[in-house]
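Student: Could you work out the structure for the sequence below:
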Amino acid sequence: MDAFPARHAYRCLPLDIANGYGWEVQSPHTFTIHWNGGKEPKDVVFEPEGKQPFLDHFVNSAFSHGIVTFHTGYLFRTEPDWHLMATGPFNEPKDGIAPLTGVIETDWLPYPFTMNWQLTRPGTVRFEAGESFCRVLPVRAGTLQAVEPEIFTLDDDAELAGQYQAWRQKRDEFMARYRGGDAETLKQAWQKFYFRGLYADGAPTAAPHQSNLELKTPADRRRKGT
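Tutor: Numbering: from 1, shown residues only. Predicted structure coming up:
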């Protein structure tokens, strides 16, 4: 995102906030994965960079069909009625391999789980030391089961329809000026209604609005020397 001109990607607040959700587990090794496209575990070969005698304790192919299994090195425990979603890094596509997502009942689980990726084509894939291979975030058990989605037409909510039409009109006017080369509009570059938590008339939303996200660093409670 930093590589975009004027850090343009950060204007997408939902993307930026999502990138901060959860905590990453990073690889301690640099290595390359070679896959010939076969379905057997032996068809996936791991090549370490330098001397890494314990690489196979960290990553291997145990499930066949091009599945790569990472061991996090942690046994996760959450509060009652809280589970963990384990997935890959958000918004970071990696050529040749894709993360597989799981939800684990870590409020009772007395043993660790693994993070798995699926190779998507024969060839090679490289992971660097310090690169994230797993992201974990807590999810409350039973929340989704309690949700009852409903679909309406927009006009069923007159107030919401009016707010949408007001935004759409301002958006159309803004884009017309932008395409027309209006200097002030080009300087403004983009409308910031959502970024600032505003309605199209400039009034702030009554709902809580978040424009940044900073999570706490895990506290290391391990006994020293163990």
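Student: Where does pLDDT dip in the chain?
Tutor: Along the chain, segments meeting pLDDT under 70 span 225-226.
Student: Near Cys134, how many other residues are there?
Tutor: By other CB atoms under 10 Å, 24 other residues sit near Cys134. All C-beta atoms are positioned from the backbone trio N, CA, C, and that covers glycine.
Student: just the one 10 residues further on next, same as before
Tutor: The burial count assigned to Leu144 is 9, neighbours taken as other CB under 10 Å.
Student: One more: the one 3 residues further on?
Tutor: Around Val147 there are 6 other residues, counting by other CB under 10 Å.
Student: Pick out the residue nearest the middle of this protein.
Tutor: The residue lying closest to the centre of the chain (CA atoms, centre = their mean) is Phe90, at 2.1 Å.
Student: ok, now how distant is that residue from Pro149?
Tutor: Going from Phe90 to Pro149 by CB to CB, to the nearest Å gives 23 Å.
Student: I'd guess the residue nearest to the centre of the chain is in a strand, am I close?
Tutor: No - in this structure, Phe90 is coil, not part of a strand, as judged by DSSP: H, G, I helix; E, B strand; the rest coil.
Student: List the contacts of it.
Tutor: By CB atoms under 8 Å, 6 or more residues apart in numbering, the residues touching Phe90 are 18-19, 21-22, 135.
Student: cool, and Tyr194?
Tutor: Leu13.
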